[in-house]
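>>> Sequence isn't available, so here's the structure alone:
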């Protein structure tokens, strides 16, 4: 890989990890559990979080300065998703991935 | 399709159309021409434009309020991409798709 | 757009339309209805259908010969998704989009 | 993450790693070098490889059996991409990521 600082590499790691957690948790744990887990507001938030993480990683890999704006948005959605997963419970690994991604995206957005 | 106003449907149309134009123009016209067309700054901008259009459409299809932020970013990148394609020339159809997408994304971001 | 036959343009249209229908139907109608609509097997199939449609369109826009293989897979998943949506009912527009996409992808895969 | 065997987790790792390598190498090294690196056939192959890796990871994360078919296609494109990068030279890290991804996708496709 090229032209990426250590901080950016770590942020790409965190984005792709959060994408994996959100997508796989939604598509297995949430669908299996139902109830709170498949309420539209929660489920859409998880899918939006997976998608913005994927996009932010993509922007950093492309090497465009606009990654600052996708990272800004990513950190906001990740924080919201972490809060909502914490509220519902039983998704500790997703919460952690969202918080870590939010922090490194915030740094990249600065 | 569901829960989408006429304005949002039109914006999704414009995003997906701009995604098609930017990606196919970059991968055929720009690669075939070379020179200015494959200079990193221009080519990365076209790929970033294709990706944010795809993502903004995705956010509207998911039905998340966060589409306002991706649409905001999409309108900025589209405008920048239209200007750069106009400067280089020979990409009228891409310029037009970018301008139309920028306008409807700006309305959705409001 | 460039280097695309009329048949390929129509197939890209059908792929992107099916992507829109499957994603928005899953994320609004299915989540709102629950029950059969959010059973893991059905919901995953709709999300897989949305994703392969997006990817097949992307491959045709890139201009790679490998689009034949993604179109082959796309036609299979679309057919399966159409059958499952028909079985559950109340998703006529999604069924139609899947069948139309399956047919044009099959032609492109040949 | 859920419902994923160790072999599948490793395959998702390899797909996302290959996606990163192909996309960032194309968008920095290849665009910077020009010449052989931006010839349409090579550049399109790298972008197709990045996209199928992203899609195969997505299918495994969704938890659909159709991942076998995307993994099959992914292993073919990765092998082709590795050969082409080797022929051109100076892309050892991309070659290695493609070969590793091809191997684990072939196992998942079986």
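Perfect, thanks for sending it. Since this is a predicted model, take the numbers as computed values, not measurements. Residues are numbered from 1 along each chain as shown, chains lettered A, B, ... in the order given.

>>> switch to C-alpha atoms for all contacts and neighbour counts from now on
Noted.

>>> quick one: stretch A:64-83 near chain B?
Yes - with CA under 8 Å from any CA of the partner chain as the criterion, chain B is reached by stretch A:64-83 at A:64, A:66, A:69-70, A:73, A:77.

>>> ok, and the most crowded of those residues?
Sorting those by how many neighbours each has (other CA atoms under 10 Å in any protein chain shown) puts residue A:70 first, at 26 neighbours.

>>> Pretty sure it sits against residue A:55.
Yes - if you go by CA atoms under 8 Å, residue A:70 and residue A:55 touch, sitting 7.3 Å apart.

>>> Which is the succeeding secondary structure element to the one helix or strand residue A:58 maps to?
Taking DSSP states H and E as the criterion, residue A:58 maps to helix A:40-62. The first helix or strand that comes after helix A:40-62 along the chain, using DSSP H and E, is helix A:67-88.

>>> what's the average pLDDT for stretch A:27-46?
Mean per-residue pLDDT for stretch A:27-46: 98.

>>> one step back: if you count contacts, what does the helix holding residue A:58 end up packed against?
Counting contacts by 3 or more CA pairs under 8 Å, 6 or more residues apart in numbering or on different chains; DSSP states H and E, helix A:40-62 is packed against helix A:6-24, helix A:67-88, helix B:40-62, helix D:6-24.

>>> buried residues in it?
By neighbour count on 16 or more other CA atoms under 10 Å in any protein chain shown, the buried set for helix A:40-62 is A:40, A:42-62.

>>> Please apply the same query to stretch A:6-15.
Neighbour-count burial for stretch A:6-15 [16+ other CA under 10 Å]: A:8-9, A:11-15.

>>> what about the closest residue to residue A:46 other than its chain neighbours, how many residues close to it?
Spatially, and ignoring its direct neighbours in sequence, residue A:46 is nearest to residue A:22 (5.7 Å; CA to CA, 6 or more residues apart in numbering or on different chains). Neighbour count for residue A:22, taken as other CA under 10 Å: 32.

>>> Show the contacting residues for residue A:22.
Listed by CA atoms under 8 Å, 6 or more residues apart in numbering or on different chains, the contact set of residue A:22 reads A:46-47, A:49-50, A:94.

>>> what's the farthest-apart pair in those?
Greatest spatial distance among those (CA to CA): A:47 and A:94, at 12.4 Å.

>>> quick one, phi/psi of residue A:39?
When read as degrees, to the nearest 10, the backbone of residue A:39 gives phi -60, psi 140.

>>> pLDDT below threshold where in chain A?
Counting by pLDDT under 70, chain A contains low-confidence ranges at A:1-3.

>>> Near chain C, which residues of it? Just list them.
Within reach of chain C by CA under 8 Å from any CA, chain A has these residues: A:27-28, A:31-32, A:34, A:38-40, A:44.

>>> Including distance to residue C:83, could these go into CSV?
Below are the residues of chain A next to chain C laid out as CSV (distance: CA to CA, whole Å):
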residue, distance to residue C:83
A:27, 21
A:28, 22
A:31, 21
A:32, 22
A:34, 24
A:38, 23
A:39, 25
A:40, 24
A:44, 25
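
>>> Now which of those residues would you call buried?
Among the residues of chain A next to chain C, those buried by neighbour count (16+ other CA under 10 Å) are A:27-28, A:31, A:38, A:40, A:44.

>>> Might you report the residue contacts of residue A:62?
Contacts here follow CA under 8 Å, 6+ apart; on that basis residue A:62 touches B:44, B:47-48, D:23-24, D:27-28.

>>> quick check, nearest of those residues to residue A:87?
The closest of the contacts of residue A:62 to residue A:87 turns out to be residue B:48 (CA to CA; 34.9 Å).

>>> got the residues of chain A near chain D?
With CA under 8 Å from any CA as the criterion, chain A meets chain D at residues A:1-3, A:16, A:20-21, A:23-25, A:27-29, A:61-63, A:93.

>>> Looking at these, which is nearest residue A:105?
residue A:16 (11.8 Å).

>>> The closest one reaches residue A:60, doesn't it?
No - between residue A:16 and residue A:60 there is no contact, the gap being 11.4 Å when judged by CA under 8 Å.
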